[in-house]
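In: here is my input; please provide its structure:
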Amino acid sequence: MRVSSEQLAAHLTRGLKPLYTVFGDEPLLALEATDRIRAKARADGYVERDILTAESGFKWAQLAMAANAQSLFATLKLLELRIPNGKPGTEGAAAIRAFCDALPADTVTLVYLPEIDWRTQKGAWFEALDSAGVTVEAKAVPRTALPQWLAGRLKAQGQDADSEALAFIADRVEGNLMAAYQEVQKLALLFPAGPLGFEQVREAVLDVARYDVFNLGAAMIDGDAARLARMLDGLRGEGAAPLMALWSLTEEIRAIGKLLDGTAAGRPLNTLWREARVWGTAHQSSLQQNLRRFDRAQVAPALRHAATIDRMVKGVARGDVWDELLQLALRFMRKPPAAARPGQKLPAIAG
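Out: From the prediction side, this is the model:
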């Protein structure tokens, strides 16, 4: 059974299950999830706690020993297994599968993992955890969902804000969920329960956004020029490598070109994702919704522009690299007024 980190609180009100696995790429949500499970276990009388950390030199026989150990005081027990690198190895995988086949009585087990890729999730040991208990995935909150996430957090502390105020906060905490959490908590300290005015929010919230070069393509796909400009400016201020930003935008442009070519040839998008190297359902969904905004005639000029920027990065050509990156993205986002003439041969896509 799988639940999201946001669904966990409601799930726990229906009672504890014997096994929980928490994993994901958002540390704040993973921490909150494990804390909720521990708190529920304490409230239900699981006062004894045993912690195993599968680091270098860990003996996996300890897992079976902990499962079979009888408490001197016959108390309920919370057993925590932490796998910091997310890789139990052959011995660990076998031990986890055996453990899941015979979960210990009077014990709630909490397994904590970092972010793990989809291949690891297909492993027999992870599927055993998934089948035997409840799996909680702490996913990063995408920018599009951040205002709703903020609204939920404000509601929990008796406050609310309109869409303009929520968008303002989201712009300033994007990519930094821990900072978002702290800003929401600060609003509870500064203002009473009830509605928050935009001016109150603007004065209180700091600009603590942290941007990721790998999200540049998403902003370009969505046609969000203001966000894209803000991201590039933030990356520049953080000292990010412009070559990585260029790579991120160029890969997205190539992918769009391949998808446009494939669909023009009558091939369904579902068969083109791997060929275009478009991974993840969120990325695929965004491209599927926005692909009609782009035209094949945009692709080759954009790649030539990218090649010019590459020469600037390497010092072969002169120019402001970050300004050119912004111009590249903005020009590609704007569909040309007229498509290529029927039969006109367009340059091939490199890469």
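In: where do the strands sit along the stretch 101-250 of the chain?
Out: Along the stretch 101-250 of the chain, counting by DSSP state E, counting those that start in this stretch, strands occupy 107-112, 134-138, 159-161, 194-196.
In: of these, which approaches V299 most closely?
Out: strand 134-138 (35.1 Å; C-beta to C-beta). Just so you know, the C-beta spots here come from the backbone N, C-alpha and C atoms, and that holds for glycine as well.
In: tell me the helices and strands packed up against the closest one.
Out: Judged by 3 or more C-beta pairs under 8 Å, 6 or more residues apart in numbering; DSSP states H and E, strand 134-138 is in contact with strand 2-4, strand 19-24, helix 27-43.
In: who's in contact with that strand?
Out: With contact meaning C-beta atoms under 8 Å, 6 or more residues apart in numbering, strand 134-138 is reached by 1-5, 8, 11, 17, 19-30, 33, 129.
In: can you check stretch 8-15 too?
Out: Contact partners of stretch 8-15, identified using C-beta under 8 Å, 6+ apart, comprise V3, A33, R36, I37, K40, V134, V136.
In: okay if I get these as CSV plus distance to V201 and neighbour count?
Out: Output for those, formatted as CSV (distance: C-beta to C-beta, whole Å; neighbours: other C-beta atoms under 10 Å):
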residue, distance to V201, neighbour count
V3, 31, 17
A33, 28, 27
R36, 28, 18
I37, 33, 25
K40, 33, 20
V134, 36, 20
V136, 31, 28
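In: now the residues you listed in TSV, with distance to V299 and pLDDT?
Out: Compiled in TSV, these are given as follows (distance: C-beta to C-beta, whole Å; pLDDT from 0 to 100):
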residue	distance to V299	pLDDT
V3	41	91
A33	42	95
R36	47	95
I37	48	96
K40	53	96
V134	45	96
V136	41	96
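In: returning to that earlier point: just put the helices and strands packed on strand 134-138 in JSON lines and tack on distance to A193.
Out: Below are the helices and strands packed on strand 134-138 laid out as JSON lines (distance: least, C-beta to C-beta, whole Å):
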{"stretch": "strand 2-4", "distance to A193": "27"}
{"stretch": "strand 19-24", "distance to A193": "31"}
{"stretch": "helix 27-43", "distance to A193": "22"}
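In: tell me which of the ones you listed is the most buried.
Out: Mean neighbour count (mean count of other C-beta atoms under 10 Å) peaks for strand 19-24 among those, with a mean of 23.
In: other SSEs contacting that strand?
Out: helix 27-43, strand 107-112, helix 124-132, strand 134-138.
In: what does that strand rub up against?
Out: The contact list for strand 19-24, computed with C-beta under 8 Å, 6+ apart, reads 5, 30, 33-34, 37, 86, 100, 103, 108-116, 126, 129-130, 132-140.
In: emit the ChimeraX select command for whichever of those are buried.
Out: Typed into ChimeraX, the line below selects the buried ones among those, using 16 or more other C-beta atoms under 10 Å:
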select :5,30,33,34,37,100,103,108,109,110,111,112,113,114,115,116,126,129,130,132,133,134,135,136,137,138,139,140
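In: ok, L232 - contacts?
Out: So L232 contacts L216, A245, W322, L325, L326, A329 (C-beta under 8 Å, 6+ apart).
In: and the third one, what element?
Out: Element membership of W322, judged by DSSP states H and E, is helix 321-333.
In: which parts of that helix are buried?
Out: Judged by neighbour count using 16+ other C-beta under 10 Å, the buried positions of helix 321-333 are V321, W322, E324, L325, L326, L328, A329, F332, M333.
In: before we move on, back to that, out of the contacts of L232, which one has the lowest pLDDT?
Out: Of all those, L216 carries the smallest pLDDT score, 85.
In: that older thread, so which of the strands of the stretch 101-250 of the chain is nearest A54?
Out: For A54, the closest of the strands of the stretch 101-250 of the chain is strand 107-112, at 9.8 Å, according to C-beta to C-beta.
In: which residues sit against that closest one?
Out: Taking contacts as C-beta under 8 Å, 6+ apart, the residues outside strand 107-112 that touch it are 16-23, 30, 34, 37-38, 41, 46, 67, 76-83, 99, 103, 129, 133.
In: can I get it in PDB, CA atoms only?
Out: Presented in PDB, the C-alpha positions along strand 107-112 are these (Å, rounded to 0.1, in the frame of the first residue of the first chain):
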ATOM      1  CA  THR A 107       6.500  -4.700  16.700                       C
ATOM      2  CA  VAL A 108       6.100  -1.700  14.300                       C
ATOM      3  CA  THR A 109       9.000  -1.600  11.900                       C
ATOM      4  CA  LEU A 110      10.100   1.700  10.300                       C
ATOM      5  CA  VAL A 111      12.400   1.400   7.300                       C
ATOM      6  CA  TYR A 112      14.000   4.700   6.200                       C
END
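In: ok and it relative to helix 27-43, angle-wise?
Out: With axes from the mean of the first three to the mean of the last three C-alpha atoms, to 10 degrees as the basis, strand 107-112 and helix 27-43 are set at 170 degrees to each other.
In: domain ranges for this structure?
Out: Domain ranges of the chain: 2-138, 143-204, 213-333, per automatic domain parsing.
In: show the end-to-end separation of the longest one, please.
Out: Yep, that's domain 2-138 we're talking about. With C-alpha to C-alpha, to the nearest Å as the measure, domain 2-138 spans 11 Å from end to end.
In: fine by me, thanks again.
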